[in-house]
Each structure stands twice: as C-alpha cells, then as structure tokens.
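Visitor: here's my sequence, what's the structure:
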Amino acid sequence: MTTARRLIDRLRIERKRQGIRQTELAARIGISQGDISRMERREDQLLSSFLRMSHALGFQVVLQPIKQNKDQEKDD
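Guide: Numbers count the residues shown, from 1 in each chain. Sure thing, here's the model as predicted:
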C-alpha cells in the first residue's frame, strides 16, 4: 500500500470516527458528496483537495524530514 493510499484511508477512517457524513464534509469544503466519494476511492489526489479535506477534519499536514541512508546522496 502506498503512502498516499494510507493517508487517504486515514482521513476516511477519521471522518467516520468523528461521525461526519460525506455530505457534511463536502459542504464544509465546498464540493459535492460525489467528489468526496471519489477522493476516498482514488489513490492519486490533488494536494489542494487533500489539504482541504485534512483541514476540515481537524488535521494539519506537516512535512517532516526523513533520515537519509548513508548510501543516499544529500542532493537528491
């Protein structure tokens, strides 16, 4: 499972945990319920859509550096 899929699944799980229906989430971010459904099924998301959905569910997306292996170049 890719990282993108895991992130999207996490948002779907959190939406359900909070008791928020797709229609309510859609209204919060100004899109249709069908768009939410498609977003939760697709692996490839627009970053802007992912960020809006995350924010509407009370999450902040943070970039965190990963440790590089000694074999990786510093200037990837």
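Visitor: helices of the protein, start to end?
Guide: 3-17, 22-29, 33-41, 47-56 (DSSP state H).
Visitor: give me the helices and strands touching the longest one, please.
Guide: When contacts are defined as 3 or more Cβ pairs under 8 Å, 6 or more residues apart in numbering; DSSP states H and E, helix 3-17 packs onto helix 33-41, helix 47-56. C-beta coordinates here come from the backbone N, C-alpha and C atoms, glycine included.
Visitor: reformat those as TSV; add mean pLDDT.
Guide: As requested, these are arranged in TSV below (pLDDT from 0 to 100):
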stretch	mean pLDDT
helix 33-41	93
helix 47-56	91
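Visitor: reformat the ones you listed as a markdown table; add mean neighbour count.
Guide: Below are the helices and strands packed on helix 3-17 laid out as a markdown table (neighbours: other Cβ atoms under 10 Å):
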| stretch | mean neighbour count |
| --- | --- |
| helix 33-41 | 15 |
| helix 47-56 | 15 |
